[in-house]
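Q: Got a predicted structure here, sequence first:
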Amino acid sequence: MDTSPTLNFPALVIDGSGSTVFAGVLGQHSQWISQSSQAGSPLEQLFPTVEATLEDAGLKLSEIESYVYCEGPGSVLGLRLCAMAIETWSRLYPSSAHTFSYNTLQLCAKLLSVDTHLPSKTLLVSDWKKGVWNAIQINKGTISSTTVADDAAIADWDGDVYHLPQRKGWQKPPANAQTIAYAPERLPELLDHTNWLLPTVGVKLYSSGINTFAKWTPDRHRAS
């Protein structure tokens, strides 16, 4: 017997990873009942955006049966605020405490595969740290897990390179990259894809799992 969690409707989708805060309500046929996006700081725009979306759908938080959220990578502040909001609401209304996540770059990679006739090797990147990028490879239609790539690896890539801008860009896009737009409103197009939305226990945000540390140089601190 299949005991895996199911996405129950109406489902509230929240995405704070990008340059705008996005919220939407999905209905029984995986179509938007309502959706809204607002530019600006997630601290100021998250709750008004969710409130406007629920009002347009004619629903209250107590009537939501599932939460769908973006795990990242993306705006740290936006992702954390969305996580705290969902964790709070799922405790206030336990019957809706079913959470499902999707990855920013996975979403973009799947949409790229739908929209574009990609070559056998494609690389999709977004900002992480100076000289280092979040990255996904698309090899002959197969989308890899999210990892990291440095400037040298991107410059030497022998296929197409696409770049997804983030809220705060730490560096210029790679010289060999085409810039794409982020489109969480297209999420329903992908709901039939196997293993697309992942059930989670609570809200789990994406982490590269790689730590880098600046080397301390004592010379600069010595008295002359």
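A: Structure's in. What do you need?

Q: how's the chain carved up into domains?
A: Domain assignment for the chain by automatic domain parsing gives 11-104+183-200, 105-179.

Q: Tabulate the ones you listed (TSV), appending mean pLDDT and mean neighbour count.
A: To be clear about C-beta, it is placed using only N, CA and C from the backbone, and glycine gets the same treatment. As requested, the domains of the chain are exported to TSV (pLDDT from 0 to 100; neighbours: other Cβ atoms under 10 Å):
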stretch	mean pLDDT	mean neighbour count
domain 11-104+183-200	93	18
domain 105-179	92	17
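
Q: can you put those in TSV and add distance to residue 207?
A: Shown next, in TSV, are the domains of the chain (distance: least, Cβ to Cβ, whole Å):
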stretch	distance to residue 207
domain 11-104+183-200	8
domain 105-179	10
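
Q: Could you point out which of these sits nearest residue 208?
A: domain 105-179 (5.4 Å; Cβ to Cβ).

Q: Would you work out how far apart the start and end of that closest one are?
A: Terminal residues of domain 105-179 lie 13 Å apart, using Cα to Cα, to the nearest Å.

Q: How far off centre is that domain?
A: 14 Å (Cα atoms, centre = their mean, to the nearest Å).

Q: can you map out the strands along the protein?
A: For the chain, applying DSSP state E gives strands covering 11-15, 20-26, 32-39, 66-72, 99-103, 121-129, 132-139, 142-143, 147-150, 160-164, 177-179, 198-200.

Q: The longest one to strand 160-164, inter-axis angle?
A: Strand 121-129 runs at 30 degrees relative to strand 160-164, counting by axes from the mean of the first three to the mean of the last three Cα atoms, to 10 degrees.

Q: tell me which strands and helices strand 121-129 is in contact with?
A: helix 104-115, strand 132-139, strand 147-150, strand 160-164 (3 or more Cβ pairs under 8 Å, 6 or more residues apart in numbering; DSSP states H and E).

Q: please redo it, this time with the cut-off set to 6 Å
A: Helices and strands touching strand 121-129, by 3 or more Cβ pairs under 6 Å, 6 or more residues apart in numbering; DSSP states H and E, are helix 104-115, strand 132-139, strand 160-164.

Q: Count the residues that sit near residue 208.
A: Around residue 208 sit 16 other residues, with neighbours defined as other Cβ atoms under 10 Å.

Q: Make 203 the starting number, not 1.
A: Okay, using 203 as the starting number, the last item reads as residue 410.

Q: need the contact list for it.
A: residue 350 (Cβ atoms under 6 Å, 6 or more residues apart in numbering).

Q: Relative to residue 391, which of the strands of the chain is closest?
A: strand 234-241 (11.1 Å).

Q: between the strands of the chain, which one is nearest to residue 258?
A: Nearest of the strands of the chain to residue 258, taken as Cβ to Cβ: strand 234-241 at 3.8 Å.

Q: what residues does that closest one touch?
A: 222-227, 229, 247, 251, 254-255, 258-259, 387.

Q: strand partners of it, parallel vs antiparallel please.
A: Here strand 234-241 has these sheet partners by DSSP bridges: strand 222-228 (antiparallel).

Q: Using PDB, write down the CA coordinates of the strand it pairs with.
A: The C-alpha coordinates for strand 222-228 follow below in PDB (Å, rounded to 0.1, in the frame of the first residue of the first chain):
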ATOM      1  CA  THR A 222       9.700  39.200  -6.000                       C
ATOM      2  CA  VAL A 223       7.600  37.400  -3.300                       C
ATOM      3  CA  PHE A 224       5.200  35.000  -4.900                       C
ATOM      4  CA  ALA A 225       2.100  33.300  -3.400                       C
ATOM      5  CA  GLY A 226      -0.600  31.300  -5.000                       C
ATOM      6  CA  VAL A 227      -3.500  28.900  -4.200                       C
ATOM      7  CA  LEU A 228      -3.800  25.600  -6.200                       C
END
